[in-house]
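Chemist: Got a sequence here, can you build the structure:
(chains A and B)
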Amino acid sequence: GDSVTQMEGPVTLSEEAFLTINCTYTATGYPSLFWYVQYPGEGLQLLLKATKADDKGSNKGFEATYRKETTSFHLEKGSVQVSDSAVYFCALTDRGGNTGKLIFGQGTTLQVKP
Amino acid sequence: ETGVTQTPRHLVMGMTNKKSLKCEQHLGHNAMYWYKQSAKKPLELMFVYSLEERVENNSVPSRFSPECPNSSHLFLHLHTLQPEDSALYLCASSQRDSGTDTQYFGPGTRLTVL
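Modeler: Prediction:
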């Protein structure tokens, strides 16, 4: 079945460092890809999305490009802030599926130190 | 109020209690979802309602009973739960057939079963 694999965490960075969180997927259909962020004590917030190959999603300085040839959707940010500390989830949904359910990776915890 | 709301935000219950979780979406969407987020486990889809009809029941024990009276409201009725059911329960909604099926999440209900 479809699946998402994220890099193990936690990832610990100093403020203003460059961030990459790797995400790869397997899917039989044509998935849409998402990054969600969860701040402590809160639910999931949509961070960015891409719906087809070579699309780039971006928001709040974060970017991710849908790479069909490498089945990847890595999250990047050029300069992280302490306020970016959270858990980041990569996810996919098969638009051709019956329910539109999301399949999540295990999440990657990011800690940014001042 | 906007987005997806959930009540209560926190719930503590004994194993013999009956309680209900409520979710309301103000986005005009036609699909709603329940997810379970346990410590150190990936997010698990529990139920999907599309156009008020349950389209997926992801092998969830019968002590969890969903109800979707209309496209804006979703309930999760809880009965004789076990301590291992303690988790964050997240509700989401989306517009099926929109091209991306982007799901928007509520803040979650933190459930503790004693």
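
Chemist: I'd like the distance from stretch A:68-86 to the chain centre, please.
Modeler: 7 Å (CA atoms, centre = their mean, to the nearest Å).

Chemist: Quick one: residues contacting the residue nearest to residue B:94 when sequence neighbours are not counted.
Modeler: Taking CB to CB, 6 or more residues apart in numbering or on different chains, and ignoring the residues beside it in sequence, residue B:94 has residue B:103 as its nearest neighbour in space, at 4.5 Å. All C-beta atoms are positioned from the backbone trio N, CA, C, and that covers glycine. Contacts for residue B:103 were tallied using CB atoms under 8 Å, 6 or more residues apart in numbering or on different chains; they are A:46, A:93, A:100, A:102, B:33, B:92-94.

Chemist: Can you lay out those as JSON lines showing pLDDT, distance to residue B:67 and secondary structure?
Modeler: Below are these laid out as JSON lines (pLDDT from 0 to 100; distance: CB to CB, whole Å; DSSP: H, G, I helix; E, B strand; the rest coil):
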{"residue": "A:46", "pLDDT": "95", "distance to residue B:67": "26", "secondary structure": "strand"}
{"residue": "A:93", "pLDDT": "87", "distance to residue B:67": "24", "secondary structure": "strand"}
{"residue": "A:100", "pLDDT": "73", "distance to residue B:67": "20", "secondary structure": "coil"}
{"residue": "A:102", "pLDDT": "87", "distance to residue B:67": "22", "secondary structure": "strand"}
{"residue": "B:33", "pLDDT": "93", "distance to residue B:67": "14", "secondary structure": "strand"}
{"residue": "B:92", "pLDDT": "95", "distance to residue B:67": "16", "secondary structure": "strand"}
{"residue": "B:93", "pLDDT": "94", "distance to residue B:67": "15", "secondary structure": "strand"}
{"residue": "B:94", "pLDDT": "91", "distance to residue B:67": "19", "secondary structure": "strand"}
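
Chemist: Any chance of these in TSV with neighbour count and distance to residue A:36 as columns?
Modeler: Converted to TSV, those look like this (neighbours: other CB atoms under 10 Å in any protein chain shown; distance: CB to CB, whole Å):
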residue	neighbour count	distance to residue A:36
A:46	17	6
A:93	25	12
A:100	25	15
A:102	25	9
B:33	25	13
B:92	26	10
B:93	26	14
B:94	24	13
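
Chemist: and the closest residue in space to residue A:73 that isn't next to it in sequence, how many neighbours?
Modeler: Leaving aside its sequence neighbours, residue A:73 sits nearest to residue A:33 (CB to CB, 6+ apart; 4.4 Å). Neighbours of residue A:33 under the rule other CB atoms under 10 Å in any protein chain shown: 27.

Chemist: How confident was the prediction at residue A:33?
Modeler: Residue A:33 carries a pLDDT value of 94.

Chemist: so where does it fall, helix or strand?
Modeler: Assigned by DSSP states H and E, residue A:33 belongs to strand A:31-38.

Chemist: Tell me the gap between that strand and the middle of its chain.
Modeler: Distance of strand A:31-38 from its chain centroid, counting by CA atoms, centre = their mean, is 5 Å.

Chemist: and what of stretch A:100-108?
Modeler: Here stretch A:100-108 is found 9 Å from its chain centre; the criterion is CA atoms, centre = their mean.
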